[in-house]
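Chemist: Sequence and predicted structure below; questions after.
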Amino acid sequence: MVNNYFGYLVLVVVSLGMASSFTLIAVLLGPKKRSAVKDLPFETGMPYVPSAKSVNVKFYLVAMLFLIFDIEVAFLYPYALKVKEYGWTGFIAVSAFLLVLGIGIVYEWRKKILEWDKD
Amino acid sequence: MLELLINPYIQTILKVIFLIFLVVLPSAALLTLMERKWSALIQDRRGPGRANIGKFTFLGIFHILADGMKLALKEDFYPAGTNRFLFTIAPYFGFFSAVTLFALLPITSPLGNFTFQIVDVNIGILMILAYMSFSIYGAVLAGWSTDNKYGMLGAVRASAQMISYEVFLGVSLLGLLVVYNSLRISDIVAGQNEYWFNGLIPKWGILTQPIGFLIFFTAILAEMKRAPFDAPEGESEIVAGFFIEYSGMRFALFFLAEYISLVGMAMLISTLFLGSYHFPWLLDAGFKLGSLPLVELPQWLVVFLRFITFGGKVLFCCWLIISIRWSLPRFKFDQIMKLGWNRLMPLGILNLIITILVTLLF
């Protein structure tokens, strides 16, 4: 009996091997000429200013939305496979769960956290 | 020699070599040319066709070779202020996630005991979603590792867009699971060869889950960062977005991963929603339409016809995705977010509720 996940192992080895051999070809064949100006990061012709790695707070709100809703969706997966077995009792229980999910969507909508063009 | 071929481990390795090196890589390479030719046709140009060996140009097919050679001979460059470890591993994530997708997708029905699917695990759909999310790390690390502002903007956009649309991908698949009752890909594929109305209309995913298909297709376009969802790499605003500082073979890895995942996503759409390798009314034993008598066919012919059918469906999906890219303008980034969270998410939940009600009532 072959282990089910052996194919994944082969694919991981093939993909990473292929990618690293491509890089190796470039490292071996390419020219190596470096200069101070060439080393600067691309900046559309303007003088280079060292950058601050800052992120607009709106993106953090998207990340929080993702955390909440992705986990709620993951909770629904086991039920989706057993809809007929749980019948109407299960449907009522899941409706309550979906109601909470819906309130979350309405709250997000009313709070206008995705209205980025209004401020 | 024959004993070696029966060994399941050897069989798995042979399947991987066949699928990746003889099906996926050549079709990804041809798709790069197909995309350039098709865009030229839409924009009323002639497209690439100069590269030649002697007198032969073969519709520009040598451009693939020429591009590959050019990229291999470029300098392996990284700008100052780069985190070299993250810069090196970033393209591998996208490549890895694009290639591992093919593990679960069957290209035709089993011939005897031999299946044309590399692994068939009972958590198939979850594995697909899990391996798909690896490409997010690639996009984020590529933009973060260099000291470039455009790269940073692209990386932030890519992460926000891809994690958001992953949720809608999950929601759209819930309805499919209710209909076919399994996470295993081979069960979903088998479920799509059942028929309504006494063998007249096939139960394909697109017919059982039309809204789910629309949400899934939109989410797939956004996951691939393809137009109209290409804000993370929008050429006219942030130059090239997250992979701006990549050049030569490292850029080629991003480029190749994009086209490999185009093939993979087209296969995924065909497998889950377009009836996989099934041709309507072609059963394991032969053709059977409604209550008409069965036309018997040998098994190898059925398997071959199904392989052709699957190829046709995948090609159609690739063509559709490429055409959408060259027909629609890019969305603004806030429009992408609003379309997702305010439209697709409620629609997905509604679709799930309708599906559950229909399943319980009938």
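Modeler: Received the coordinates, thanks.

Chemist: Point to the residue nearest the middle of chain B.
Modeler: With distances taken as C-alpha atoms, centre = their mean, B:Met265 lies nearest the centre of chain B, 1.2 Å away.

Chemist: Count the neighbours of B:Thr271 for me.
Modeler: The local packing count at B:Thr271 equals 25, with neighbours defined by other C-beta atoms under 10 Å in any protein chain shown. Every C-beta, even on glycine, is put in place using the N, C-alpha and C of the backbone.

Chemist: nearest residue to the residue nearest to the centre of chain B other than its sequence neighbours?
Modeler: Across the structure, with C-beta to C-beta, 6 or more residues apart in numbering or on different chains as the measure, the residue nearest B:Met265 apart from its sequence neighbours is B:Ile220 (5.1 Å).

Chemist: quick check, that neighbour in a helix?
Modeler: Yes. B:Ile220 sits within a helix when classified using DSSP: H, G, I helix; E, B strand; the rest coil.

Chemist: Let me know how buried it is, in neighbour terms.
Modeler: Here the number of neighbours of B:Ile220 (other C-beta under 10 Å) works out to 24.

Chemist: coming back round to it: now name the helix or strand holding the residue nearest to the centre of chain B.
Modeler: Assigned by DSSP states H and E, B:Met265 falls within helix B:248-273.

Chemist: So which residues make contact with the helix or strand just after that helix?
Modeler: Following helix B:248-273 in sequence order, the next helix or strand is strand B:286-287 (DSSP H and E). Strand B:286-287 is contacted from outside by B:281, B:294-297, B:302, using C-beta atoms under 8 Å, 6 or more residues apart in numbering or on different chains.

Chemist: go again using 6 Å as the cut-off
Modeler: Taking contacts as C-beta atoms under 6 Å, 6 or more residues apart in numbering or on different chains, the residues outside strand B:286-287 that touch it are B:281, B:294-297.

Chemist: Of these, grab the buried ones for ChimeraX.
Modeler: Burial among the contacts of strand B:286-287 is assessed by 16 or more other C-beta atoms under 10 Å in any protein chain shown; the matching ChimeraX selection reads:
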select /B:281,297
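
Chemist: Under the pLDDT cut-off, which ranges of the stretch 151-300 of chain B? List them.
Modeler: Scanning the stretch 151-300 of chain B for pLDDT under 70 picks out no residues.

Chemist: Can you pull the residues of it lying near chain A?
Modeler: By C-beta under 6 Å from any C-beta of the partner chain, the part of the stretch 151-300 of chain B that sits against chain A consists of B:156, B:160, B:163, B:167, B:170-171, B:174, B:177-178, B:244, B:248-249, B:253.

Chemist: now, which of these lie within helices?
Modeler: B:156, B:160, B:163, B:167, B:170-171, B:174, B:177-178, B:248-249, B:253 (DSSP state H).

Chemist: Determine which two of the residues you listed are furthest apart.
Modeler: The largest separation in these, counting by C-beta to C-beta, is between B:Val178 and B:Gly248 at 47.7 Å.

Chemist: Looking at these two, which is more packed in?
Modeler: A direct count of neighbours by other C-beta under 10 Å for B:Val178 and B:Gly248 places B:Val178 higher, at 25 against 22.

Chemist: Do you have the strands of chain B handy? List them.
Modeler: Assignment of strands within chain B using DSSP state E yields the ranges B:195-196, B:201-202, B:286-287, B:295-296.

Chemist: strand partners of the first one, parallel vs antiparallel please.
Modeler: According to DSSP bridges, strand B:195-196 has the following sheet partners: strand B:201-202 (antiparallel).

Chemist: Can you pull out the low-pLDDT segments for chain A?
Modeler: For chain A, residues meeting the criterion pLDDT under 70 lie at A:1-3, A:51-52, A:118-119.

Chemist: buried stuff in the helix ranked longest in it?
Modeler: Counting residues, the longest helix in chain A under DSSP H turns out to be helix A:83-110. By neighbour count, and taking 16+ other C-beta under 10 Å as the criterion, the buried residues in helix A:83-110 are A:83, A:90-91, A:94, A:98, A:101-102, A:105, A:108-109.

Chemist: got the CA positions of stretch B:142-156 in CSV?
Modeler: Output for stretch B:142-156, consisting of C-alpha atoms alone and laid out as CSV, is shown next (Å, rounded to 0.1, in the frame of the first residue of the first chain):
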residue,chain,number,x,y,z
ALA,B,142,9.3,39.5,-2.9
GLY,B,143,8.1,43.0,-2.2
TRP,B,144,9.3,43.2,1.4
SER,B,145,12.8,41.8,0.9
THR,B,146,14.0,44.7,-1.3
ASP,B,147,14.3,48.3,-0.2
ASN,B,148,11.9,49.5,-2.9
LYS,B,149,8.7,51.5,-2.3
TYR,B,150,6.8,50.2,-5.3
GLY,B,151,7.7,46.7,-4.2
MET,B,152,6.3,47.4,-0.8
LEU,B,153,3.1,48.8,-2.2
GLY,B,154,2.7,45.8,-4.4
ALA,B,155,3.4,43.4,-1.6
VAL,B,156,0.8,45.0,0.7
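
Chemist: Can you tell me what sits against it?
Modeler: Applying C-beta under 6 Å, 6+ apart, the external contacts of stretch B:142-156 come out as A:41, A:51, A:55, A:59, B:81-83, B:86-87, B:90, B:140, B:232, B:238-239, B:241-245.

Chemist: Whichever of those end up buried, select them in PyMOL.
Modeler: Buried residues within the contacts of stretch B:142-156, as defined by 16+ other C-beta under 10 Å, are selected in PyMOL through the command that follows:
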select buried, (chain A and resi 41+51) or (chain B and resi 82+87+90+140+232+238+239+241+242+243+244+245)
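
Chemist: what packs against the helix holding B:Met265?
Modeler: Using 3 or more C-beta pairs under 6 Å, 6 or more residues apart in numbering or on different chains; DSSP states H and E as the contact criterion, the elements in contact with helix B:248-273 are helix A:6-29, helix B:25-42, helix B:62-72, helix B:84-100, helix B:205-208, helix B:299-327.

Chemist: relative to helix B:84-100, how tilted is the second one?
Modeler: When you say that, I think you mean helix B:25-42. With axes from the mean of the first three to the mean of the last three C-alpha atoms, to 10 degrees defining the directions, helix B:25-42 sits at 90 degrees from helix B:84-100.

Chemist: ok, the closest residue to B:Ser159 other than its chain neighbours to chain A distance?
Modeler: Of all residues not flanking B:Ser159 in the chain, B:Val140 sits nearest, at 4.8 Å (C-beta to C-beta, 6+ apart). Spatial separation of B:Val140 from chain A under the definition C-beta to the nearest C-beta, to the nearest Å is 11 Å.

Chemist: What of B:Leu268?
Modeler: Between B:Leu268 and chain A the computed distance is 15 Å (C-beta to the nearest C-beta).

Chemist: Tell me, how many residues neighbour that residue?
Modeler: 22.

Chemist: and A:Val62, what element?
Modeler: Per DSSP H and E, A:Val62 falls inside helix A:57-81.

Chemist: which strands and helices sit next to that helix?
Modeler: Counting by 3+ C-beta pairs under 6 Å, 6+ apart, helix A:57-81 packs on helix B:149-180.
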